[in-house]
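In: Whatever this is, show me its structure:
(2 chains)
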Amino acid sequence: AQSVTQLDSHVSVSEGTPVLLRCNYSSSYSPSLFWYVQHPNKGLQLLLKYTSAATLVKGINGFEAEFKKSETSFHLTKPSAHMSDAAEYFCVVSEWGSSASKIIFGSGTRLSIRP
Amino acid sequence: ETGVTQSPTHLIKTRGQQVTLRCSSQSGHNTVSWYQQALGQGPQFIFQYYREEENGRGNFPPRFSGLQFPNYSSELNVNALELDDSALYLCASSSRGGKNTEAFFGQGTRLTVV
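Out: Residues are numbered from 1 along each chain as shown, chains lettered A, B, ... in the order given. Here you go, the predicted model:
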């Protein structure tokens, strides 16, 4: 069975400092992993995805994530936070290869940026 | 813009009523998934439709039902509305059949049950 755990419900960093949002997953099959961002009163936007190609994935707006199978992790990072990065971030696992593919969301991490 | 459109954007219903939410999927996508996002929580999977048949369901009661049409658009129906059904309902379309199972989300329908 799939599951996703986002280890921090809220992260606060200063503008210009690094961002780390943590995600651990479990999956019975070969998973696809995603990070989505949700700004207030807006829909979900895909930041990046891992689908068993390169383990270091680059996304939009300077975000990256590294797939570590041994640690079952897919942490999201950004070298330098910008005020516009303040939003809710969701780690998502999609199980591929099962008869009923579905997407499971983590509970979300709210990222706040201090001036 | 993802090409996934949902209607209406906002809706207020009374407890016990029925509601239908609509979703037009992105061109070329044959799979539609519905999610419920309560305030302050992550989206919860309701069900998925693939080629007009339900193909996977989350932990939601039977009063949550759906349809997918030949053009792959979809409806979510909720009967006997309860106050706890108040949430943002998100539709996601994707193209099933490979590792690239990226889903594109609509802006959602915000349902308020009073």
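In: so who does A:Lys58 touch?
Out: Each residue near A:Lys58 by CB atoms under 8 Å, 6 or more residues apart in numbering or on different chains is listed here: A:48, A:64. Bear in mind the C-beta positions are built from the backbone N, C-alpha and C, glycine included.
In: Give me the most central residue, chain B.
Out: Centroid-nearest residue in chain B, with CA atoms, centre = their mean: B:Trp34, separated by 3.0 Å.
In: Now residue 43: closest residue in space, sequence neighbours ignored.
Out: Looking at chain A here, since you left the chain open. B:Gln107 (4.2 Å; CB to CB, 6 or more residues apart in numbering or on different chains).
In: oops, I was thinking of chain B
Out: Distances taken as CB to CB, 6+ apart place B:Tyr35 nearest to B:Pro43, at 3.7 Å, with adjacent residues excluded.
In: The strand or helix carrying the one you found pairs with which strands, and in what direction?
Out: Element membership for B:Tyr35 (DSSP states H and E) is strand B:31-37. Paired neighbours of strand B:31-37 in the sheet (DSSP bridges): strand B:44-50 (antiparallel), strand B:87-94 (antiparallel).
In: winner for burial among those strands?
Out: strand B:87-94 (a mean of 24; mean count of other CB atoms under 10 Å in any protein chain shown).
In: what about the residue nearest to B:Pro43, how many residues close to it?
Out: Neighbourhood size, B:Tyr35 [other CB atoms under 10 Å in any protein chain shown]: 25.
In: Next: B:Arg22.
Out: 16.
In: try B:Glu53
Out: Number of residues near B:Glu53 (other CB under 10 Å) recorded here: 8.
In: Show me the shaky parts of the chain.
Out: In the absence of a named chain, chain A is used. Within chain A, the segments meeting pLDDT under 70 span A:1, A:96-102.
In: Actually, chain B is the one I wanted.
Out: B:1-2, B:96-101.
In: circling back to that earlier point, what sits against the residue nearest to the centre of chain B?
Out: B:23, B:45-48, B:66, B:74, B:76, B:89-92.
In: Nearest to chain A within chain B, name that residue for me.
Out: Here the residue of chain B nearest chain A is B:Gly56; by CB to the nearest CB that distance is 3.3 Å.
In: do you know how far the residue nearest to the centre of chain B is from B:Phe47?
Out: Applying CB to CB, to the nearest Å, the value for B:Trp34 to B:Phe47 is 6 Å.
In: can you give me the strands in the chain?
Out: All of this refers to chain A. A:3-6, A:10-14, A:19-21, A:23-26, A:31-38, A:44-50, A:56-58, A:64-68, A:73-78, A:87-95, A:103-105, A:109-114 (DSSP state E).
In: wrong one, I was asking about chain B
Out: Counting by DSSP E, the strands of chain B are B:5-7, B:10-13, B:19-24, B:31-37, B:44-50, B:53-57, B:64-68, B:74-78, B:87-94, B:104-105, B:109-113.
In: for these, which one sits closest to A:Pro40?
Out: A:Pro40 lies closest, by CB to CB, to one member of the strands of chain B: strand B:87-94, at 11.5 Å.
In: okay, the angle between that closest one and strand A:44-50?
Out: With axes from the mean of the first three to the mean of the last three CA atoms, to 10 degrees applied, the angle from strand B:87-94 to strand A:44-50 works out at 50 degrees.
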